[in-house]
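how would this look folded up:
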Amino acid sequence: MACLTSQARVQVLRNGAEIGRATFTISHEMTLNKKTLKWSETTRVSKAVIVKSGGGIRMGMSVSCGNPCKATNRVTPHTLGAAFSGTVDYSDGVKKNKTHNSAAKYTFTFTKPGYTLGGFSYSSLGFRCDDSFWNAANTRRILSPGCVFPKYQPTLTSMSTLPNIAKNIRNIQGKGGHYGKPGSGHPLHRLTDDAKANANRRAVCGRVTPVPGKSCDEYPFARTYEGGTALPKASRGIAMVPATEQNQQGGLLIGFYKQERVMDKDGFWVAV
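Residues are numbered from 1 along each chain as shown. Now for the predicted structure:
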């Protein structure tokens with residue numbers, strides 16, 4: 001969900017001088033759906049403060065969101081005074097293996113018989129719809145299409161269920177640039193290129209002597225742009241952890257990426 005509030009003032013002018021005005025607040029609450037390409041928004045206009053000849057101003061709102069997104073506006077024109085609200089329904093037609101980045105653009109117009117009034121426009125927080133989660137053969141979806149606010153960076157918490165891996169992450173997050181640590185560090189960014197991820201893994205674990213029942217755990221993760229040797233030594237590290245934990249880690253990461261629709265280069269945090 002994203003909330004947007006705008007303080008508005010409409011002036012009634014005569015010969016360039018203000019003879020009245022109306023002031024009010026416009027608020028929007030947009031709730032995306034991570035598993036469908038349809039979502040909705042509620043727009044509210046507060047009670048207006050009317051000064052002198054500011055009465056009788058009628059407000060209209062139009063909404064657009066850029067093809068293939070469609071906006072169905074149900075906020076009908078109203079005369080400013082009493083509070084009112086309405087909804088806007090959205091749908092996106094993003095194609096297979098495609099991503100669509102856009103934002104809602106709100107345009108407001110104002111009319112009053114006998115006067116010429118202006119208007120204004122602004123945009124919502126940017127949103128992204130995609131149909132990018134398919135199997136390796138590109139024949140079956142592993143996640144239905146959906147939409148998110150890419151500016152939001154989600155937090156991975158499932159690593160805390162793997163005690164040895166969690167300990168390694170805490171140790172590394174506690175030094176250097178605190179990469180991935182919520183509140184005090186830099187986010188990690190997902191890497192989807194298999195070849196680069198494998199190269200990252202070899203760069204830090206390739207010369208580790210094998211230990212029966214153990215596996216080399218690297219942090220930052222190999223499947224991030226901060227993985228491998230991308231960061232200074234003080235901000236990265238490895239540990240030998242039970243192979244059972246290492247085997248679980250990959251599934252937990254994939255589950256998180258799917259749940260939050262984390263795509264290539266998207267930022268995220270790791271809380272342990």
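
what about the strands in the stretch 1-150 of the chain?
For the stretch 1-150 of the chain, the strands identified by DSSP state E, counting those that start in this stretch occupy 2-14, 17-31, 38-45, 49-52, 58-64, 69-73, 78-79, 84-92, 99-102, 105-111, 119-123, 127-130, 146-148, in order along the chain.

want to throw those into CSV with mean neighbour count, mean pLDDT and distance to residue 216?
The C-beta positions use only the backbone N, C-alpha and C, and glycine is treated the same way. Compiled in CSV, the strands of the stretch 1-150 of the chain are given as follows (neighbours: other CB atoms under 10 Å; pLDDT from 0 to 100; distance: least, CB to CB, whole Å):
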stretch, mean neighbour count, mean pLDDT, distance to residue 216
strand 2-14, 15, 96, 40
strand 17-31, 17, 97, 42
strand 38-45, 18, 98, 42
strand 49-52, 14, 97, 66
strand 58-64, 18, 98, 51
strand 69-73, 16, 98, 45
strand 78-79, 16, 98, 64
strand 84-92, 18, 98, 42
strand 99-102, 17, 98, 34
strand 105-111, 17, 97, 50
strand 119-123, 13, 97, 47
strand 127-130, 24, 98, 33
strand 146-148, 23, 98, 33
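
show me what residue 70 is bridged to.
Bridge pairing for residue 70 (DSSP bridges) gives the partners residue 91.

that one: what's it in contact with?
90, 91, 92, 93 (CB atoms under 8 Å, 6 or more residues apart in numbering).

would you list the phi and psi of residue 95?
Its backbone dihedrals place residue 95 at phi -90, psi 170, with angles given as degrees, to the nearest 10.

for it, give me its contacts.
Taking CB under 8 Å, 6+ apart, one finds 68, 131 in contact with residue 95.

for this protein, which helix is longest?
helix 243-260 (DSSP state H).

could you give the mean pLDDT of it?
In this model, helix 243-260 carries a mean pLDDT of 96.

tell me the mean pLDDT for stretch 200-210?
Average pLDDT, stretch 200-210: 95.

of all the contacts of residue 70, which comes closest to residue 105?
Sorting the contacts of residue 70 by how near they are to residue 105, with CB to CB, puts residue 90 at the top with 12.2 Å.

correct me, but that closest one touches residue 38?
Yes - using CB atoms under 8 Å, residue 90 is in contact with residue 38, at 6.8 Å.

what is the neighbour count of residue 216?
Residues within reach of residue 216, counting by other CB atoms under 10 Å, total 19.

name the element it belongs to?
Of the helices and strands defined by DSSP states H and E, residue 216 is found in strand 214-219.

equivalent analysis for residue 200, please.
When elements are defined using DSSP H and E, residue 200 is found to belong to helix 194-205.

also residue 263?
Under the assignment given by DSSP H and E, residue 263 is not contained in any helix or strand.

spit out the contact partners of it.
Contact analysis of residue 263 by CB under 8 Å, 6+ apart lists 99, 130, 132, 190, 192.

residues in contact with the third one?
Neighbour list for residue 132: 97, 98, 99, 263 [criterion: CB under 8 Å, 6+ apart].

nearest to residue 166 among those?
Among those, residue 263 lies closest to residue 166 (CB to CB), at 25.3 Å.

for that closest one, what are phi and psi?
For residue 263, the backbone dihedrals are phi -110, psi 180 (criterion: degrees, to the nearest 10).

do you know the pLDDT at it?
Among the per-residue scores, residue 263 shows a pLDDT of 96.

show residues contacting stretch 116-127.
2, 4, 6, 8, 10, 12, 28, 30, 32, 41, 57, 101-111, 147-151.

repeat that for 7 Å
2, 4, 6, 10, 28, 30, 32, 57, 101-111, 147-151 (CB atoms under 7 Å, 6 or more residues apart in numbering).

quick revisit: on contacts alone, who are the packing partners of the helix holding residue 200?
strand 214-219 (3 or more CB pairs under 7 Å, 6 or more residues apart in numbering; DSSP states H and E).
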